[in-house]
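S.K.: Predicted coordinates and the sequence they were generated for:
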Amino acid sequence: MIARVGLAVLSAILSAVPMVGQSVPLLEKKVISLAAAKKMVAVAEEEAIKNNLKLSFTVVDDSGNLIYFEHMDGASLSTIDYSQGKARTAARNNSPSGNFEDKLNDGKLIGLAFPGVTALRGGLPIVVDGKVVGAIAASGARTGDQDQACVQAGIDALMKP
């Protein structure tokens with residue numbers, strides 16, 4: 001009996017592994033185009049201007065690699081690194097960068113034990129068909145909620161038909 005089960009398991013494993021010469025399907029995924037990144041940032045910048053904010057904006061792909069960056073005149077130079085860190089955090093962790101800030105504030109995350117995490121509100125993942133395709137972030141507002149509201153406006157504009 002054990003031998004039959006073992007052979008059945010081995011047969012199932014071998015049938016799932018492609019043999020040399022067999023074609024293997026490639027995965028397809030959606031990506032953020034430069035035009036889409038620019039559109040999101042343009043709308044986010046309009047929101048910032050409306051609220052008298054001077055921000056830096058970053059759009060990254062699903063791995064956290066830079067697609068587009070913009071630094072508004074008058075925005076603090078520190079906002080460059082913060083916006084890029086927030087975007088990478090949101091993309092690589094499939095969640096808003098503010099989730100880490102919340103965990104720090106609640107005492108549920110001790111220190112920054114996660115390399116490359118920027119635990120500040122203002123970075124949001126961009127989700128298409130249930131998959132994270134990248135992230136957008138802003139930095140420089142008076143609060144992280146204001147940063148986040150600007151980038152949410154950018155995401156909302158992208159998702160409109």
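M.R.: Sure thing, it's come through.
S.K.: Could I get the contacting residues of residue 79?
M.R.: When contacts are counted by C-beta atoms under 8 Å, 6 or more residues apart in numbering, residue 79 is found next to 55-56, 71, 139-140. Quick note: C-beta positions are derived from backbone N, CA and C, even for glycine.
S.K.: export these to CSV and tack on distance to residue 44 and pLDDT?
M.R.: Listed next are the contacts of residue 79 as CSV, based on distance: C-beta to C-beta, whole Å; pLDDT from 0 to 100:
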residue, distance to residue 44, pLDDT
55, 8, 98
56, 11, 98
71, 13, 98
139, 12, 98
140, 12, 98
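S.K.: Pull out the buried residues from those residues.
M.R.: The neighbour count (16 or more other C-beta atoms under 10 Å) marks 55-56, 71, 139-140 as buried among the contacts of residue 79.
S.K.: Need these in CSV (columns: distance to residue 132).
M.R.: Below are the buried ones among the contacts of residue 79 laid out as CSV (distance: C-beta to C-beta, whole Å):
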residue, distance to residue 132
55, 22
56, 22
71, 25
139, 20
140, 24
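S.K.: Let's have those in CSV, adding secondary structure and distance to residue 102.
M.R.: Putting those into CSV (DSSP: H, G, I helix; E, B strand; the rest coil; distance: C-beta to C-beta, whole Å) gives the following:
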residue, secondary structure, distance to residue 102
55, coil, 21
56, strand, 22
71, strand, 27
139, strand, 17
140, coil, 21
